[in-house]
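# predicted model follows, preceded by the sequence.
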Amino acid sequence: MSNFDPILSHLPAWLLVLFRFTGIFIIAPMFGSATIPTRIRIMLALALSICVYPMLLSPGRPSWGLIEPVVSHGLSLWSLVGAVGMELMIGIIIGYGATLPIMGLQVAGNIADQQLGMSLGGLFNPELDEQGGIISEFFFIVAMMIFIILGGHRILITTLVGSFNDVPLGGFTADSRMLDMIVALLSSMFHLGLRVAAPLLCLVFLETVAMGFIARTVPQLNILSIGFPLRILIGGGLLVVSTGAIASAYADEVHFALRQLSIYFGM
């Protein structure tokens, strides 16, 4: 018997723990940022798995009962491939669920950019590897700032570590509860986008109607040269005044998303 046999018996289980952490470094807010080099994200995933794995081996923790069969009996090559896919899926689901509120706020930003004409001057967002409008980028920065202030990054790690107490390694299966959770999070995302964009849409509609009346009563007035700057002015003013309400609405949706993920994964 080799002196390395006890260590090698833990290798399959540790690999599954590593890939469960790897999932959030693919898509989760901040962790999956494209601005962070890939090698740094890989090193962070390795460091987290090395730090967390010994904690899961405590006989007093529920996680030990779910890890012990893998340590004792190991995994074949084919079963290991399937288990790795399941572990990646757990991390991706947690990261995707936490990203949806940010997407909802960006939906509102894209609507605002389109209505105010800001989409003509697009900015490249390296975080999402796509081009967006000025207001959309502003909302994205605000969303990431609030996410960090609320401790969303810590809650993601806590949720992922807590999932080892209820979800066995390589034993994750999609069910109706997961579908209901994703549908609820998607509904929440679109609700946030419409909730933030609705006041601006109403104001733009009223401004358009008012400009129409002015154009009919004062035909000599060049409405095109006045209406466009006026729309930007009142739309931007509304967004500045309502920034606190927008941040509060977004914070509520972040709490809802993280709570749903924590409940589903057994926290």
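Here it is on my side, so go on.
# run the chain-centre distance for whichever helix or strand residue 17 is part of.
Taking DSSP states H and E as the criterion, residue 17 maps to helix 11-27. Relative to the centre of its chain, helix 11-27 is centred 18 Å away, using Cα atoms, centre = their mean, to the nearest Å.
# residues of it that come out buried?
Using 16 or more other Cβ atoms under 10 Å as the test for burial, helix 11-27 gives 12-25, 27. (C-beta placed from N, C-alpha, C; glycine too.)
# residue 57: which of those residues is nearest?
Using Cβ to Cβ, the shortest approach to residue 57 within the buried residues of helix 11-27 belongs to residue 13, at 8.8 Å.
# my guess is the closest one meets residue 164, correct?
No - with contact defined as Cβ atoms under 8 Å, residue 13 does not reach residue 164; the gap is 10.3 Å.
# which other residues reach the helix holding residue 17?
Residues outside helix 11-27 that contact it (Cβ atoms under 8 Å, 6 or more residues apart in numbering): 31-32, 41-42, 44-46, 48-49, 52-53, 56, 67, 70-71, 74-75, 80, 83-84, 87-96, 99, 156, 160, 163-164, 169-170.
# let's see it at 7 Å
If you take Cβ atoms under 7 Å, 6 or more residues apart in numbering as the criterion, helix 11-27 is touched by 31-32, 41, 44-46, 48-49, 52-53, 67, 70-71, 74-75, 80, 83-84, 87-92, 94-96, 99, 156, 160, 169-170.
# in PyMOL, how would I select the buried members of these?
Filtering the contacts of helix 11-27 down to the buried ones (16+ other Cβ under 10 Å) takes a single PyMOL command:
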select buried, resi 31+32+41+44+45+48+49+52+53+67+70+71+75+80+83+84+87+88+89+90+91+92+94+95+96+99+156+160+169+170
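# out of the contacts of helix 11-27, which are inside helices?
41, 44-46, 48-49, 52-53, 67, 70-71, 80, 83-84, 87-92, 94-96, 99, 156, 160 (DSSP state H).
# and residue 82, how many neighbours?
12 (other Cβ atoms under 10 Å).
# please tell me how far residue 161 sits from residue 18.
Counting by Cβ to Cβ, to the nearest Å, the gap between residue 161 and residue 18 amounts to 13 Å.
# what do you get for residue 224?
Relative to residue 18, residue 224 is positioned 60 Å away (Cβ to Cβ).
# residue 52 now?
Residue 52 is 10 Å from residue 18, by Cβ to Cβ.
# give the contact list for the residue most central in space within the chain.
Nearest to the mean C-alpha position of the chain, counting by Cα atoms, centre = their mean, stands residue 99 at 1.1 Å. Counting by Cβ under 7 Å, 6+ apart, residue 99 makes contact with 27, 28, 29.
# I figured residue 235 hits residue 204, correct?
Yes - counting by Cβ atoms under 7 Å, residue 235 sits close enough to residue 204 to count as a contact (6.4 Å).
# so for these two, which sits in the more crowded spot?
Neighbours per residue (other Cβ under 10 Å) separate residue 235 from residue 204, with residue 235 holding more: 23 against 19.
# what's the neighbour count on the nearest residue to that one once chain neighbours are set aside?
Leaving aside its sequence neighbours, residue 235 sits nearest to residue 116 (Cβ to Cβ, 6 or more residues apart in numbering; 4.5 Å). Counted with other Cβ under 10 Å, the neighbours of residue 116 add up to 22.
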